[in-house]
Structures are given as structure tokens and as C-alpha cells.
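Undergrad: A predicted structure for the sequence below; I have some questions about it.
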There are 4 protein chains.
Amino acid sequence: MTRRALLMLQIVTGDPRPITRQITDGIKRQIAGGDLLPGDALPSVRGLAQQLSINPNTVAKAYAELTAEGWLLSRTGLGLFVAEQRQRLSDEERERRLAEAVDRFVSDVIGLDYPQQTILDRVAADLSNYETKKTA
Amino acid sequence: MTRRALLMLQIVTGDPRPITRQITDGIKRQIAGGDLLPGDALPSVRGLAQQLSINPNTVAKAYAELTAEGWLLSRTGLGLFVAEQRQRLSDEERERRLAEAVDRFVSDVIGLDYPQQTILDRVAADLSNYETKKTA
Amino acid sequence: MTRRALLMLQIVTGDPRPITRQITDGIKRQIAGGDLLPGDALPSVRGLAQQLSINPNTVAKAYAELTAEGWLLSRTGLGLFVAEQRQRLSDEERERRLAEAVDRFVSDVIGLDYPQQTILDRVAADLSNYETKKTA
Amino acid sequence: MTRRALLMLQIVTGDPRPITRQITDGIKRQIAGGDLLPGDALPSVRGLAQQLSINPNTVAKAYAELTAEGWLLSRTGLGLFVAEQRQRLSDEERERRLAEAVDRFVSDVIGLDYPQQTILDRVAADLSNYETKKTA
DNA sequence: GTGGTCTAGACCACG
DNA sequence: GTGGTCTAGACCACT
């Protein structure tokens, strides 16, 4: 039996991230946080597009990216489902991506004049939403 | 007396960041890290463009952004200098930028499957390069 | 100095593969075969679309897939370039993909009534186009 | 005397192949491997559909494809049976299919960075499951 | 009904 | 000039 996910997503027009990114980020977080479990069915492309009042192609693109990255699994005619999570990337690639993300993040927050600890706390707070739920 | 900065900058072709961003990031980090001091003069647009083998327009754009954000100060006829103290952003703007950066960062590293502590350590390590130098 | 690649590609309408796949396959083979070297610039999206008489979006999609898979590197405003090849996938993922490809291939050729050796020779012939050139 | 085949088939949800393809592949392999012999009766459309918990239309479509390709033989009122000998495809068609399969396979495994010999060994191993049984 | 592909054309950021 | 995003609508295969 497959659960049909509700997907609490909302598109924010003022968000600097492109719509596709907002969708992929939202879904990744829900999977990482345990709100979406492997095997769960996602809303249909057309359905989510209507719900968010955006073009179906935009949803399809977001879904395609998540599928390519191994988060989702497409079963033609049936729909899209949350995939079993597995380690797809090599250690070198993971390290490279972490380094890149850290570099970008630090460049972003430099000059905002926040104490280092404040920044770390904020990251930890956001991050811990996922660590804990996944192991629960 | 004004120091004429050397600007140890290099454009990395493999870097996903646009060139403008690479320049602004590099300069911001050098100022935050104390390698560039208030009053130091920056290389001329043409000079830096030649040094980096890129289009002068790109350098000019990077300088313009840094000036707009208060990192640099233009003294007409003399060139650009590191500003005495940066123009403070409003608290709302600072908070907005921090939240956005954290959000993006967490989305980037989710799914890389690193322990939370590892991620925090990496951020702290990069961040502390600047904290310490600034207070020194 | 960057080479601007010629890209001997042609779209075959009778080909069962979608156009996007024909493009990605063709480029992957040229990279794997050493006809395209890291750093080489690819034809522009619009240019290749015109050359192949297809929609620019189709080319863009093919390029985007190759970029996501690490074959190409996008430098906004400059164009797309052949990336340095590195091991992006974990050993488990590589093994999984190989197994899947073998399984599909065998299913495809079963019942064609070719001797096993004939099939292997054909695979070897195609495969060796790339192995040898890469090490050369 | 006709044997009623058991058909050790199972639909794998994680499989990227459409369900119809999973069925046809499975049956073809069992025939090629000698597990299903000419004259053996196949499970009814409804029975197999129920056994696999899938839509009867899907089973019917798979059976229709196999019948069209000469693997199965329909005896009206009695059901479907494994054909005595498959209808031979034209040499041109066989060659076309082999070339297409090889082309696709090589495109799939390029970039996985396996030594050519490893790939060939894997294909040979899978392939020999059928060659040997058929000649035995 | 489902997702996937392709076309067409507009708009934006970067160099 | 470059690629990237989004919209709109047509067509196909699979269930």
C-alpha cells in the first residue's frame, strides 16, 4: 500500500531561488526529515502544478532532477515515488560538494557581522530538523 | 600613506560561480581576513582585468557591487580604496540574508549524508579564518 | 586557449531514441573517445539547434543532463565546456548501473539467435573504440 | 500432454523497466533458458494478473507482444502456449536489433569506467545462462 | 489517468 | 553573444 503524500509546499514569488529549486529543496527536505517515506507516492505533475498555480513543465523538471539524483523513482503510468535512499556518490564527490557548499556559505555570511557562534547555531538548528527525524 | 594591494586573486575555470562572484568573494574574504586594510588602494580595473585575463567590464561590475555594499570607497580621480568601515545593513536585511544563506546551505548538504557535527566543524573551520584575524 | 568543437552529430528521425538521448550519447562517446578534450568549448545551444534543425530547448536539455552528470561544465555567459572527468559515483552505484545495463542488453538480444561469441565480438568492437583512444 | 507452467515471475517496484517489459523479459528468459518448454501452457491473463497484483490489461499486452514475436502461440479456447519454434525475424531485422542493442548498451556503460574485459565478462556470464541450457 | 518528449517563444543574468 | 528559467500547448507510451 502506498501513501499519497500531501506535500506541504508553497512557492514564494519573492524567493530568489527559481521555482524548480524551491520545489526540489522542499521535497528533499521532506524526504530527509522523514515526512516522506520510501515508497510514498508523490502528487501528480499536473496536480501539483495546479495546486501551486505553476506550469506542469516546471513541476516535471523538478521531478526529473530529483529522479536523476536518486531521490525519486519514476514508474511510467503509475506516477512518481520516493526511492530507497542509497549512497550514490563517491567519497571524493561528496567531499567536493561539501567543500563547495561551505565555501559559498561562508562567502555569503562574511560581512554580515554576525558572531561565529550565532551563525553556527543557526546552521545547527536547521540541520537538526533532519538528523533527528531520520534516526527516529 | 596608502598601500597598493597585490590582490592574490585567481579565477578558477572549473569554479561554478560566475567570474564576478569569484572576484567579489575573494576581495571580501581578504578584507574580512585582514589581508586588505582600510585605506588600501585596489588595483585598477584595467590592471586587474589584464592580470586575470578577463573582460574589464567584469572587473568594473565586481568593484561596483563591492562599492554599493560599502566594502570599497571610490575617491574620484584616485581610484578605489578599502572602506574605513562598511556601511551597516539594516537588521532586517542582515537577518534576511543570513536566513537565506543558511537555508540554501542546508539544502545543498542534505543528502550528502555527513554527520551534523562534521558539517558544523567544516563551517567553523572556514569561518574562523576571518573571526580571529579581525579581532587580532 | 580553448578549442571550439565541431561535433559531428546527426539526428536520425528513424532512431527509436529520443533526440535528447541521441545528443547526449553522441557527445559522451566523443568525450570518451578523446575527440573532445577537457576544456574544449561546445557549440552554443542556439548554434547546435540550428545545425541540427531542432528546438534550442532540446539541445539545452541534453546539455543540462550532461552537465548534471559531470561530463560538461557550464560557465554562464561564456558557454559550455568539456569537464575534467572524475569518479563521481560510488562503487555500489557503478555496479548497480552496470548490472542494470547488462540485464537489459541480454534481454534485448535473447531470441535474436546470434551465437554468444558474435554478440560479444560486436560489443567488444564498439567498446574498443573508446578504451584505446582514451589511453592513447 | 501439456505442462501448466508456474512462471516464477515477480514484479520489482524498484525496476525502471515498465511492467509490461518486466513480464516479457521474464518469460523470454525462461523460454530461452529451457525453464519453459514448447507446448507448455501459460497462466491465464487473469490468473497472472492476480498473482502479480497488477492490471490484467498489462498482462494481456505482454502476452500479445510475445505472441506477435512468435514466442507464444494462441490456441483459441485453450489459452496460450510456448511456441514450438519461434518465428524467425528477417536477417535485416535481426541485425538492426542487435546493432541497436549494442549501441545502447555501450552508451549506457561508457563513463562507468570499467575495464573493457570486465564488461565483456559480465555480459558473457549472463548470456551463458541461456546458451548452455538451450544446447543441453 | 500517469510521466516523458518536443516545439515555440518570452524573459533574465552574465560577459 | 552565452546559458537558464518559465510558460503554453501538442503528442506519445504505459497502466
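TA: Now that the structure is in, tell me what you want to look at.
Undergrad: at the geometric centre of chain A, which residue do we find?
TA: In chain A, the residue lying closest to the centroid (CA atoms, centre = their mean) is residue A:28, at 2.2 Å.
Undergrad: name the helix or strand for that one, please.
TA: Residue A:28 belongs to helix A:19-32 when assigned by DSSP states H and E.
Undergrad: again, but for residue A:80
TA: Counting by DSSP H and E, residue A:80 is found in strand A:79-82.
Undergrad: can you tell me if that strand touches DNA strand F.
TA: No. Strand A:79-82 lies out of reach of DNA strand F by CB under 7 Å from any atom of the strand, never closer than 9.4 Å. (Glycine included, C-beta is placed from N, CA and C.)
Undergrad: close to DNA strand E, is that strand?
TA: Yes. Contact of strand A:79-82 with DNA strand E (CB under 7 Å from any atom of the strand) involves A:79, A:80.
Undergrad: so how far is chain B from the residue of chain A positioned farthest from its centre?
TA: Here chain A reaches farthest from its C-alpha mean at residue A:113, the gap being 28.8 Å by CA atoms, centre = their mean. Computed as CB to the nearest CB, to the nearest Å, the residue A:113 to chain B distance reads 7 Å.
Undergrad: residue A:106 too?
TA: In terms of CB to the nearest CB, residue A:106 sits 5 Å off from chain B.
Undergrad: secondary structure class for that residue?
TA: For residue A:106, the assignment made with DSSP: H, G, I helix; E, B strand; the rest coil gives helix.
Undergrad: let me know whether it touches residue B:126 as I believe.
TA: Yes. Using CB atoms under 8 Å, residue A:106 is in contact with residue B:126, at 4.6 Å.
Undergrad: looking at the two, which is more packed in?
TA: Taking neighbours as other CB atoms under 10 Å in any protein chain shown, residue A:106 and residue B:126 compare with residue A:106 leading, 24 against 17.
Undergrad: ok, now which ones touch the more buried one?
TA: Residue A:106 is in contact with B:123, B:126, B:127, B:130, counting by CB atoms under 8 Å, 6 or more residues apart in numbering or on different chains.
Undergrad: report the lowest-confidence entry in those.
TA: Lowest pLDDT within the contacts of residue A:106 is found at residue B:130 (84).
Undergrad: near chain C, which residues of chain A show up?
TA: Residues of chain A lying near chain C by CB under 8 Å from any CB of the partner chain: A:65, A:68, A:86, A:87, A:88, A:89, A:90, A:91, A:92, A:93.
Undergrad: filter these to the buried ones?
TA: Neighbour counting by 16 or more other CB atoms under 10 Å in any protein chain shown classes A:65, A:88, A:89, A:90, A:93 among the residues of chain A next to chain C as buried.
Undergrad: max pairwise distance over those residues: which two?
TA: Greatest spatial distance among those (CB to CB): A:65 and A:90, at 19.9 Å.
Undergrad: give me the contacts around stretch A:20-28.
TA: With CB under 8 Å, 6+ apart as the test, stretch A:20-28 has contacts from A:7, A:9, A:11-12, A:15, A:17, A:36, A:42, A:48, A:52, A:58-59, A:61-62, A:65-66, A:71-72, B:103, B:107, B:110-111.
Undergrad: same for DNA strand E: which of the residues you listed are within range?
TA: When contact is defined as CB under 7 Å from any atom of the strand, those meet DNA strand E at residue A:42.
Undergrad: got the domain boundaries for chain A?
TA: A:19-82, A:91-135 (automatic domain parsing).
Undergrad: which of those domains is buried the deepest?
TA: Counting by mean count of other CB atoms under 10 Å in any protein chain shown, domain A:19-82 has the highest mean neighbour count of those, with a mean of 18.
Undergrad: what parts of chain A come near chain D?
TA: Counting by CB under 8 Å from any CB, the residues of chain A lying close to chain D are A:39, A:73, A:74, A:75, A:76, A:77, A:81, A:83, A:84.
Undergrad: just those: which are in strands?
TA: Those of the residues of chain A next to chain D mapping onto strands are A:73, A:74, A:75, A:81, per DSSP state E.
Undergrad: would you mind measuring from the second one to residue C:102?
TA: Summarising the geometry, the distance separating residue A:74 from residue C:102, computed by CB to CB, to the nearest Å, is 21 Å.
Undergrad: would you format the residues of chain A next to chain C as a markdown table with secondary structure and pLDDT included?
TA: Below are the residues of chain A next to chain C laid out as a markdown table (DSSP: H, G, I helix; E, B strand; the rest coil; pLDDT from 0 to 100):
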| residue | secondary structure | pLDDT |
| --- | --- | --- |
| A:65 | helix | 97 |
| A:68 | helix | 95 |
| A:86 | coil | 92 |
| A:87 | coil | 94 |
| A:88 | coil | 95 |
| A:89 | strand | 96 |
| A:90 | coil | 97 |
| A:91 | helix | 97 |
| A:92 | helix | 96 |
| A:93 | helix | 96 |
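Undergrad: just the residues contacting the lowest-mean-pLDDT helix or strand in chain A, thanks.
TA: Least confident helix or strand of chain A, by mean pLDDT, DSSP states H and E, is helix A:116-135 with a mean of 87. Residues from elsewhere that reach helix A:116-135 (CB under 8 Å, 6+ apart): A:29, A:32-35, A:105, A:109, B:98-99, B:102-103, B:105-106, B:109-110, B:115-116, B:119-120, B:123-124, B:127-128, B:131.
Undergrad: the helix holding residue A:28 to helix A:116-135, inter-axis angle?
TA: With axes from the mean of the first three to the mean of the last three CA atoms, to 10 degrees defining the directions, helix A:19-32 sits at 60 degrees from helix A:116-135.
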